[in-house]
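Colleague: got a predicted model here, sequence first, then my questions.
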Amino acid sequence: MNSLNRVSSAMSLQIPDRVPLMCQLSIGHYFLNTKIDPIDIWFTADGFTEALFTLAERYHFDGVLVNLPGRERDFSRFIKRIARGEDEKKIIWENGSFTVIPGDDNPHYFNQDGEREFPHFDDIDPEKLFYVEPWDITEISYPYCWGFNDVPNTKTDFFPDYHTDTIKAAVARSSGKFSVHSEIFSPWSQFLELLNYESALMAIMDDPGKVKACLESLTDGTIELAKSQAACGVDAILISSAFAGAGLISREHYISFVLPFEKKIIHELNKFTKIPVYTHTCGSIGDRLDLMLETGTKGIDTLDPPPLGTVELPDAKKYLNGKAFIKGNIDPVNTLLAGNRESVQRDVKWRLEVGKTGGGFILSSACSVAPYTPPENLELLAEIIESEGKYPE
């Protein structure tokens, strides 16, 4: 059984030859642990694809998550100069704005005044929303323009043709051997990114009706993007719904501002494609696993254990058994980042023992692997799976 079949089996709630391994790595981890220039990783489809597979092969992962969009192919024509410091790089663009690229974290774009721009809720017209891509090279704009284009795209021709370049490159590189997953942001995540978090959370108190109208429009764009990703040949689609845990919103708010919109996305995708759609939500989600299942999701990603979250693996395994696959549950901070060989072995062996029973389990970090996580701790995961993660023939 190859990696693609192994992950597919687990996502189908079946039993593969062994537990699949597939962690999501932070951008900073790619910067620190490949020899690829961070500018190439962040700004080019080929660079990010190379980083994805370089570390997937090093860590013996069974799949990769393409969580950066394609970029304008001749983006370099907008560059005025590049300042290279010891710990970071700065791209100064022709219009006077700039992007700071740390050596160990996500780059960020700043306007000519050195500020990150976010629209005000009062200025938003829900009818002018369609999709918000926070990882576009110029980040957030409203009405939405891609990159340095100052003409907003129409809903009938919203996504530029290069947007799926990285997905296409990853599918081609995989050659049917790895499981290739794409990512869409949930409408709720997009809304928080659009206004910045504090303003978005205030908006749901001040004008919940308008917020729901915004989420409806963003749902339409999300469905269109997901369909285009599915058409590229990905093996699964991840809904990034990172901000829907109890650390940010209550169950009641989840029911109002998350559940109906993600449910509509999954329903429409299920009519379009048979590939699984699953959900990534960080932090404390132990009190809303039932609500997440109501969206129709095929799997739940992260399942952060205490103290980062509120999900105990035995409880989640019992509740989700036969309903959705599990991907995650290794503490990325206390186990993978801060642990040593002995503590990682002890923790992961226990999670394999609990998680692999009955199939439907993909071993992964709960949320992204931190930039400075020792590579040897990640290399150890495949070693543990070889000894502890096989299923009887």
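Modeller: All right, it came through fine. Numbering: from 1, shown residues only.

Colleague: quick one: the strands in the stretch 101-250 of the chain?
Modeller: For the stretch 101-250 of the chain, the strands defined by DSSP state E, counting those that start in this stretch cover 108-110, 179-185, 236-240.

Colleague: so which of those is the most surrounded?
Modeller: Mean neighbour count (mean count of other Cβ atoms under 10 Å) peaks for strand 179-185 among those, with a mean of 25. For the C-beta atoms, the positions are set from N, CA and C on the backbone; glycine is no exception.

Colleague: now do it: which elements does it pack against?
Modeller: In this structure, strand 179-185 packs against helix 3-11, strand 63-66, helix 165-174, helix 208-231, strand 236-240, with contacts taken as 3 or more Cβ pairs under 8 Å, 6 or more residues apart in numbering; DSSP states H and E.

Colleague: contact partners for residue 315?
Modeller: Counting by Cβ atoms under 8 Å, 6 or more residues apart in numbering, residue 315 touches residue 286.

Colleague: in the helix or strand hosting it, which residues are buried?
Modeller: Using DSSP states H and E, residue 315 maps to helix 313-320. For helix 313-320, the neighbour count (16 or more other Cβ atoms under 10 Å) marks 313, 316, 317, 320 as buried.

Colleague: need the next SSE after it, C-terminal direction.
Modeller: Remark: after helix 313-320, the chain's next helix or strand is strand 325-330, criterion DSSP H and E.

Colleague: and that next one, which strands flank it?
Modeller: Here strand 325-330 is paired, per DSSP bridges, with strand 299-302 (parallel), strand 361-365 (parallel).

Colleague: adding mean pLDDT and mean neighbour count, write those strands out as a markdown table.
Modeller: Below are the strands paired with strand 325-330 laid out as a markdown table (pLDDT from 0 to 100; neighbours: other Cβ atoms under 10 Å):
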| stretch | mean pLDDT | mean neighbour count |
| --- | --- | --- |
| strand 299-302 | 97 | 26 |
| strand 361-365 | 98 | 27 |
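
Colleague: can you list the ones you listed in JSON lines and add distance to residue 374?
Modeller: Listed next are the strands paired with strand 325-330 as JSON lines, based on distance: least, Cβ to Cβ, whole Å:
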{"stretch": "strand 299-302", "distance to residue 374": "21"}
{"stretch": "strand 361-365", "distance to residue 374": "13"}
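
Colleague: out of those, which comes closest to residue 107?
Modeller: strand 361-365 (22.1 Å; Cβ to Cβ).

Colleague: tell me the angle of the closest one relative to helix 313-320?
Modeller: Taking axes from the mean of the first three to the mean of the last three Cα atoms, to 10 degrees, strand 361-365 and helix 313-320 form an angle of 140 degrees between their directions.

Colleague: residues in contact with strand 361-365?
Modeller: 7, 10-11, 19-24, 62, 299, 301, 317, 325-330, 332, 336, 348, 351-352, 355, 381, 385, 389.

Colleague: just the buried subset of those residues, please.
Modeller: Buried by 16+ other Cβ under 10 Å: 7, 10-11, 19-24, 62, 299, 301, 317, 325-330, 332, 336, 348, 351-352, 355, 381, 385, 389, out of these.

Colleague: what about the residue lying closest to residue 141 once chain neighbours are set aside, how many neighbours?
Modeller: Leaving aside its chain neighbours, residue 141 sits nearest to residue 117 (7.6 Å; criterion: Cβ to Cβ, 6 or more residues apart in numbering). Residue 117 is flanked by 15 other residues according to other Cβ atoms under 10 Å.

Colleague: what of residue 193?
Modeller: The burial count for residue 193: 20, using other Cβ under 10 Å.

Colleague: do the same with the one 3 residues further on
Modeller: The burial metric for residue 196, expressed as a neighbour count using other Cβ under 10 Å, is 14.

Colleague: swap in the one 5 residues further on?
Modeller: Using other Cβ under 10 Å, residue 201 has 16 neighbouring residues.

Colleague: you'd agree it is up against residue 247?
Modeller: No: assessed by Cβ atoms under 8 Å, residue 201 is found out of contact with residue 247, at 11.4 Å.

Colleague: which ones are touching the residue lying closest to residue 108 once chain neighbours are set aside?
Modeller: Nearest residue to residue 108 in three dimensions, chain neighbours excluded: residue 100, at 5.7 Å (Cβ to Cβ, 6+ apart). Remark: with contacts taken as Cβ under 8 Å, 6+ apart, residue 100 is in contact with 88, 89, 90, 107, 108, 110.

Colleague: which ones are touching the residue lying closest to residue 135 once chain neighbours are set aside?
Modeller: The shortest distance from residue 135 to any non-neighbouring residue, by Cβ to Cβ, 6+ apart, is to residue 68 (5.6 Å). Contact analysis of residue 68 by Cβ under 8 Å, 6+ apart lists 27, 42, 48, 135, 166.

Colleague: surely the last one is in contact with residue 47?
Modeller: The reference is to residue 166. No: judged on Cβ under 8 Å, residue 166 makes no contact with residue 47 at a distance of 9.3 Å.

Colleague: can you redo the strands of the stretch 101-250 of the chain as a markdown table with distance to residue 215?
Modeller: Shown next, in a markdown table, are these (distance: least, Cβ to Cβ, whole Å):
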| stretch | distance to residue 215 |
| --- | --- |
| strand 108-110 | 25 |
| strand 179-185 | 12 |
| strand 236-240 | 13 |
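
Colleague: can you list the ones you listed in a markdown table and add mean pLDDT and distance to residue 153?
Modeller: Formatted as a markdown table, these follow (pLDDT from 0 to 100; distance: least, Cβ to Cβ, whole Å):
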| stretch | mean pLDDT | distance to residue 153 |
| --- | --- | --- |
| strand 108-110 | 97 | 18 |
| strand 179-185 | 98 | 17 |
| strand 236-240 | 98 | 21 |
